[in-house]
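[1] task: produce atomic coordinates for the following.
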Amino acid sequence: MSRLQNQLLKLFSHPVSAFILFGSFALVVASLLLLNAREKDWRDEKASFDNIIRMYESYSTNGELSESNRNYRVGSAMSINVKVLAFNTRDTRRECITRLTELNLSLNDMAIIRLCENRLPVSGSKSNKDQVTTIMPILSPTDDLIGARVRVTIMDTMPSWHDLFLSSSSLFTLAFISLMIAIIGSLLSLLAKKYLIELPTIARYDDLTSLLRRDAFFQASNQALMLSRREDLPVCVMLIDIDHFKQVNDTQGHADGDKTLTVIANLIRDNSRRQDVLGRLGGDEFAIVLPDTPAESASRVAERIRTALIELREESEWLSPHISVSIGLTVATDDETELDELIRRADTHLYMAKRTRNCTVSDSGLVTPIATKTVSAG
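    Have a look, this model is predicted:
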């Protein structure tokens, strides 16, 4: 993919830039369509205006007249037919009456006779049609009747769906509007699809720490436990609780409390593997499920997390000097042990660790912050 194509793809994938680009394109095309429609209306009106001027020209400029038959459109609902009749016989009165009568116009005989004898304009309309007829006499420079200009104006019927699809301009406008709506709909569909795809993922993770929420953690942990049993691999479960966290909220405020949670979540993430399941069970309590991990390795992970927080606390200017973590650790001893039972055992060890604080209690005993000496957990 070329650099230009890549840039265009980035523009189209961003909602704001896509809105501006397609909006600008739609504005330009819509403006061109409106301008074209205005120009067409102007040309129709100009033709009608010129026709009106010719209609009221009662005198021929040079005494000679040629016949014509022209049709005009005024707007989209009115049509005009203009006929020019040239009288060539000596008895122009009789020829005038005869030829106008043959046209079957919406005028009575007396109106036609009045025009032909008195050389006066006449006008009339049919009662059952949207049609009006105007006839103007055409005179020579010596005031002799040499012809007549007949203008028939007809109002079209109300437009229907059939008429709409027969108009090329209407079809183009409909196609453009449909295309724009389709593009907007496609963009909305992509956004909705992206939202629907990301929504379950977003709902699985804690907003503050980006670790799994409680329900998602248990679901992922059960899957990891089943896979480990199938492959006959050891599994450890670790519960972590922050010591003196309430004191941080009370003395430093909830903003620093949230920062503390984020820091500890990052420490847990940094000292864990990709296959480990990390979660925030609520408040200041975290949990880790470590597949394919024996008890000794899990104890080392716990100590890395605990000591990393101590080191960070000593270097930080805002972390509370009393902040530390207590950790409860257990290992699945057989294939029958369920996750709930592992969590219960780890929680029991965590309760014991909270008595001492800043330590890890496992199935084999308590690991002190200074030495590796253990005492019985029972």
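[2] when you work out contacts or count neighbours from here on, use the C-alpha atoms and nothing else.
    Noted.
[3] hang on, L267 in a helix?
    Yes: assessed by DSSP: H, G, I helix; E, B strand; the rest coil, L267 belongs to a helix.
[4] neighbours of it, how many?
    17 (other CA atoms under 10 Å).
[5] now do the spatially closest residue to it that is not a sequence neighbour against V29, distance only.
    Nearest residue to L267 in three dimensions, chain neighbours excluded: I305, at 6.3 Å (CA to CA, 6 or more residues apart in numbering). Using CA to CA, to the nearest Å, I305 is found at 62 Å from V29.
[6] who has more neighbours, these two?
    Each of I305 and V29 has its neighbours counted (other CA under 10 Å); I305 has more, 24 against 14.
[7] next, the buried residues of the helix or strand the more buried one falls within.
    Secondary-structure assignment from DSSP states H and E places I305 in helix 295-315. Residues of helix 295-315 classed as buried: 295, 298-299, 301-310, 313 (neighbour count, 16 or more other CA atoms under 10 Å).
[8] TSV for these, including pLDDT?
    Conversion of the buried residues of helix 295-315 to TSV gives the following (pLDDT from 0 to 100):
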residue	pLDDT
A295	92
A298	94
S299	94
V301	95
A302	95
E303	94
R304	95
I305	95
R306	94
T307	94
A308	95
L309	95
I310	93
R313	91
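[9] redo the residues you listed as TSV? Include distance to S123.
    As requested, these are exported to TSV (distance: CA to CA, whole Å):
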residue	distance to S123
A295	110
A298	106
S299	109
V301	105
A302	105
E303	108
R304	105
I305	103
R306	105
T307	107
A308	104
L309	102
I310	106
R313	103
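[10] can you tell me which of those residues is nearest T333?
    Ranked by distance to T333 (CA to CA), the buried residues of helix 295-315 are led by A295 at 10.2 Å.
[11] OK, contacts around the closest one?
    Residues in contact with A295 (CA atoms under 8 Å, 6 or more residues apart in numbering) are C236, T330, V331.
[12] those in helices, which ones?
    Within the contacts of A295, no residue falls in helices by DSSP state H.
[13] need these in a markdown table with neighbour count, distance to L34 and pLDDT, can you?
    Output for the contacts of A295, formatted as a markdown table (neighbours: other CA atoms under 10 Å; distance: CA to CA, whole Å; pLDDT from 0 to 100):
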| residue | neighbour count | distance to L34 | pLDDT |
| --- | --- | --- | --- |
| C236 | 26 | 72 | 95 |
| T330 | 28 | 75 | 95 |
| V331 | 23 | 75 | 93 |
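[14] quick check: of those, which lies closest to A77?
    C236 (83.3 Å).
[15] quick one: contacts for that closest one?
    V289, L290, P291, T293, P294, A295, A298, L329, T330, V331, A332.
[16] count of neighbours near the first one?
    It refers to V289. 31.
[17] and the helix or strand containing it, C-alpha only, in CSV?
    Assignment of secondary structure by DSSP H and E places V289 within strand 285-291. Only the C-alpha atoms of strand 285-291 are listed here, as CSV (Å, rounded to 0.1, in the frame of the first residue of the first chain):
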residue,chain,number,x,y,z
GLU,A,285,-7.7,-6.8,46.3
PHE,A,286,-6.0,-8.4,43.3
ALA,A,287,-5.7,-12.0,42.1
ILE,A,288,-3.4,-13.9,39.9
VAL,A,289,-3.8,-17.4,38.5
LEU,A,290,-0.4,-18.9,37.4
PRO,A,291,-0.7,-21.9,35.0
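[18] so what's D363 up against?
    By CA under 8 Å, 6+ apart, the neighbours of D363 are L329, T330, V331, H349, A377.
[19] next, it: phi, psi?
    Torsion angles at D363 (phi, psi; degrees, to the nearest 10) stand at phi -60, psi -30.
[20] over to T133?
    According to degrees, to the nearest 10, T133 has phi -120, psi 130.
[21] next, the closest residue to it other than its chain neighbours: phi, psi?
    Take T133 and drop its neighbours on the chain: the residue closest to it by CA to CA, 6+ apart is V152, 4.5 Å away. Dihedral pair for V152: phi -120, psi 120, per degrees, to the nearest 10.
[22] next, T293: phi, psi?
    Dihedral angles (degrees, to the nearest 10) for T293: phi -140, psi 120.
[23] could you double-check that it sits in contact with D232?
    No: T293 is not in contact with D232 according to CA atoms under 8 Å; the separation is 11.4 Å.
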